[in-house]
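Chemist: Output the structure for:
(one chain, ligands or ions: 1)
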Amino acid sequence: MALEDAGDTSLLLGQTDVPPIHEDNAAGQSPFLLTCDHYGRLIPRVLGDLGLAADELTRHIAWDIGIAGVAGTLSRQLGAHLIAQRYSRLVIDCNRPPTAPSSIPRISEATTIRGNEGLARDAVLARRRAIFDPYHRRIDEVIDQRMAEKRPTILVSLHSFTPVYAGVRRPWHIGTLYHRDKTLPPLLLKALRAEGDLVVGDNEPYAVSDETDYTIPVHGEARGLTNSGIEIRQDLIADESGQQQWAERLARVLGGVEATLYPGLRG
Ligand SMILES: [Zn+2]
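Modeler: Model prediction:
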């Protein structure tokens with residue numbers, strides 16, 4: 001592939017591949033803007049199975065198990081715009097700076113991703129231009145439009161985490177993930193703890209940083225939006241009923257947060 005063709009996304013996504021961006025409720029009036037970087041686990045046909053066995057491609061290393069069901073229902077219940085990304089994080093991780101070594105991981109947890117080894121610069125660029133760039137450009141456009149319309153925007157980035165990582169069991173049911181925002185994370189933490197039956201992680205199981213994250217620093221912090229990440233433990237949302245219950249719980253919690261931040265918005 002010639003370098004000048006590296007931006008031709010048709011080289012990565014063919015006619016049978018779906019577009020990377022999935023949206024729900026684009027006309028939703030909620031102040032919440034939901035993003036889901038690890039929503040799907042598709043692989044462009046041309047990349048085959050990335051050298052992985054089928055059971056690796058359904059594991060948490062490929063996507064955020066259960067979060068798609070939660071995000072879809074939550075978006076409907078809140079009337080909130082959801083922007084999600086359908087391709088596997090193993091193709092390109094949409095929550096990593098493209099310069100980070102983990103952007104196109106060669107190893108994830110203990111699994112070697114053979115299809116990501118020794119990639120030429122144009123192959124790396126093709127993944128970025130076909131998947132990462134359009135997804136983040138779309139989030140940017142939507143934030144631009146909301147700002148132009150003077151609509152309040154609270155960015156919530158939805159994720160799920162594996163109950164056991166590298167042999168260590170994680171006790172939290174849910175966690176808030178944040179860095180610079182001082183508004184939403186404390187409200188969310190308070191509301192989640194008030195539920196009474198949850199072990200709530202405060203920047204657990206991860207904290208957000210400019211080096212390891214993209215969506216919160218770039219679309220939340222750099223744009224001056226109130227923001228937080230939310231991580232739900234995957235065993236709680238592995239099936240449809242769990243996804244429904246957690247979406248309902250989050251819709252109630254976020255509804256309370258909205259009433260605190262924007263009283264009277266829904267008049
Ligand atoms: Zn995630």
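
Chemist: Could you pull out the strands in the stretch 1-150 of the chain for me?
Modeler: 21-24, 32-36, 81-85, 107-108, 111-112 (DSSP state E, counting those that start in this stretch).

Chemist: Please produce TSV containing these, extended by mean neighbour count and distance to the ion.
Modeler: All C-beta atoms are positioned from the backbone trio N, CA, C, and that covers glycine. Formatted as TSV, those follow (neighbours: other C-beta atoms under 10 Å; distance: least, C-beta to the ion, whole Å):
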stretch	mean neighbour count	distance to the ion
strand 21-24	16	15
strand 32-36	27	8
strand 81-85	25	10
strand 107-108	16	12
strand 111-112	14	17
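
Chemist: how about those, which one is nearest V218?
Modeler: With C-beta to C-beta as the measure, strand 32-36 is the member of the strands of the stretch 1-150 of the chain nearest V218 (10.8 Å).

Chemist: Between strand 81-85 and the closest one, find me the angle.
Modeler: 10 degrees (axes from the mean of the first three to the mean of the last three C-alpha atoms, to 10 degrees).

Chemist: Averaged pLDDT, strand 32-36. What do you get?
Modeler: Averaged across strand 32-36, the pLDDT comes to 98.

Chemist: what's that strand in contact with?
Modeler: Contacts with strand 32-36, where a contact means C-beta atoms under 8 Å, 6 or more residues apart in numbering, come from 64, 67-68, 71, 74-75, 78, 80-85, 139, 142-143, 146, 153-159, 215, 219, 225, 254, 258.

Chemist: taking these one by one, which sit in helices?
Modeler: Mapping those onto helices (DSSP state H) picks out 67-68, 71, 74-75, 78, 139, 142-143, 146, 215, 254, 258.

Chemist: quick one: which of these is nearest to I232?
Modeler: So of the ones in helices among the contacts of strand 32-36, ranked by how close each gets to I232 (C-beta to C-beta), first place is I67, at 6.9 Å.

Chemist: Hmm, S160 and that closest one touching each other?
Modeler: Yes: contact status for I67 versus S160: in contact at 4.4 Å, counting by C-beta atoms under 8 Å.

Chemist: Next, show the common contact partners of these two.
Modeler: Joint contacts of I67 and S160 (C-beta under 8 Å, 6+ apart) are H38, I232, I237.

Chemist: Most neighbours among those, please name it.
Modeler: Counting neighbours by other C-beta atoms under 10 Å, I232 leads the shared contacts of I67 and S160 with 26 neighbours.

Chemist: So what sits opposite that residue in the bridge?
Modeler: I232 has these beta-bridge partners by DSSP bridges: S160, I174.

Chemist: what sits against it?
Modeler: Taking C-beta under 8 Å, 6+ apart as the test, what I232 contacts is G66, I67, V70, L158, H159, S160, F161, H173, I174, W246.

Chemist: pLDDT at it, what is it?
Modeler: Value for I232, per-residue pLDDT: 98.

Chemist: Quick check: closest non-adjacent residue to A68.
Modeler: Nearest non-adjacent residue to A68, counting by C-beta to C-beta, 6 or more residues apart in numbering: Y39, 5.0 Å away.

Chemist: Run a quick check on the one you found versus I83, I expect a contact.
Modeler: No: the pair Y39 / I83 is not scored as a contact, 9.3 Å apart, by C-beta under 8 Å.

Chemist: Show me the strands in the stretch 151-267 of the chain, by range?
Modeler: According to DSSP E, counting those that start in this stretch, the strands that the stretch 151-267 of the chain contains are 154-161, 164-165, 168-169, 174-177, 200-202, 226-233.

Chemist: still on that earlier bit, the residue nearest to A68 and Y135: what is the separation?
Modeler: Distance, Y39 to Y135, by C-beta to C-beta, to the nearest Å: 10 Å.
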